[in-house]
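> just need the structure, nothing else, for what follows:
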Amino acid sequence: MRVWLLDTGTLVIDQSHITWNQGAGTPVRFPTYGVLVEHEDGLLLFDTGYDLEHVNEVLPFELPEQEVSQTIPAQVELCGFAASDVAMVVNSHLHFDHVGGNKHLPAAEVLVDAREIAQGRNCEPFEALGYSDRTWDHGAARLVPISGDVEVAPGVRLFETPGHTIGHYSMLLTGAPDSRPMLFIADVTYTQDSYDRGVQAGFHHDPVAGVRSIQRVKDLAAEHRADIFLTHDLEAWGTYRHAPEHYTI
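The predicted structure is shown next:
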């Protein structure tokens, strides 16, 4: 498999949203990205970043920075494909910064936790901004509700890691025996520091489930000897390969 990390821009949130109840009053810029996987069964995309127009309209205080070159169609093309080539989208969850590019992939099947779909459509008031981008639910969307741990293709496994949201998933990619598996934990925890200390993000649906999910991804990483990829850590992001560079596993 070849794996590309698609740069979809950056946003700003308070430190207390990164580390629950810690560091309030400190703004932090963080990255968002999607993971494009070239698999023998087809082209798969895990998460699709945010939509700039939506964020400017609804969440301008997050100070979005996204160039045209950082949209999903442009990033997929950077890897040598067209957006229409993407056969499957997996959304780790349905927050605005993970679904903004879904609308550019109308031909793809979209795998999402069944409870997450229900919550995204009828969320609690405190979740309203998180679920504010509803373009994932357009009339032609080919939503495929899933539940439990799922292997969507050989070497592509999804693990339930709820807490941040009710139906959150992480993705493990495994390939040749001599390659290091890649574990994408989405929003289980945001940064290396919070991962190391077991501190979840300030936004969560169920903090008890969130703590357990942090331990679960640590156990998965140890069991599979996988490299952890953090989603919202600008320092870690700077050490990763970005499209058009890729990983081979």
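> residues in contact with the helix or strand of the chain with the lowest mean pLDDT?
The weakest-scoring helix or strand in the chain, judged by mean pLDDT, DSSP states H and E, is helix 15-18 (a mean of 91). By CB atoms under 8 Å, 6 or more residues apart in numbering, the list of residues contacting helix 15-18 from outside reads 22-28, 30, 190-191, 194, 201-203, 232. All C-beta spots, glycine's among them, are computed from the backbone N, C-alpha and C.
> same question for stretch 107-118.
So stretch 107-118 is contacted by 45, 84, 86-91, 93-94, 102, 120, 136, 141-147, 150, 152, 158, 160, 165-169 (CB under 8 Å, 6+ apart).
> distance-wise, check R212 relative to I146.
Using CB to CB, to the nearest Å, R212 is found at 20 Å from I146.
> more neighbours: which of the two?
Neighbour tally, R212 and I146, criterion other CB atoms under 10 Å: the higher count belongs to I146, 19 against 13.
> quick check on that one: phi, psi?
phi -130, psi 160 (degrees, to the nearest 10).
> lowest pLDDT pick from the contacts of helix 15-18?
Within the set of the contacts of helix 15-18, pLDDT is lowest for G23 (80).
> quick one: buried residues of the longest helix along the chain?
Longest helix in the chain, counting residues (DSSP state H): helix 207-224. Neighbour-count burial for helix 207-224, counted by 16 or more other CB atoms under 10 Å, picks out A209, G210, V211, S213, I214, R216, V217, K218, L220, A221, H224.
> leaving out the residues flanking it, which one is nearest to the second one?
What it means is G210. Nearest in space to G210, with sequence neighbours left out and distances taken as CB to CB, 6 or more residues apart in numbering, is G163 at 2.6 Å.
> OK, contacts around the one you found?
Contacts of G163 by CB under 8 Å, 6+ apart are 188, 200, 204-214.
> cool, G25 as well?
Counted by CB under 8 Å, 6+ apart, G25 has contacts D14, Q15, S16.
> roughly how far apart are it and S16?
For G25, the distance to S16 - CB to CB - is 8 Å.
> what do you get for A243?
From A243 to S16 the distance is 32 Å (CB to CB).
> neighbour count: those two, which is higher?
A243 (20 against 16).
> just say helix, strand or coil for that one.
Recorded secondary structure, A243: coil (DSSP: H, G, I helix; E, B strand; the rest coil).
> which residues does it contact?
So A243 contacts W4, L5, L6, D7, L36, Q75, L78, C79 (CB under 8 Å, 6+ apart).
> and those residues, which are buried?
The buried subset of those (16+ other CB under 10 Å) comprises W4, L5, L6, D7, L36, Q75, L78, C79.
> from what I see, L129 and F61 are in contact.
No - counting by CB atoms under 8 Å, L129 stays clear of F61, with 10.0 Å between them.
> okay then, goodbye and thanks.
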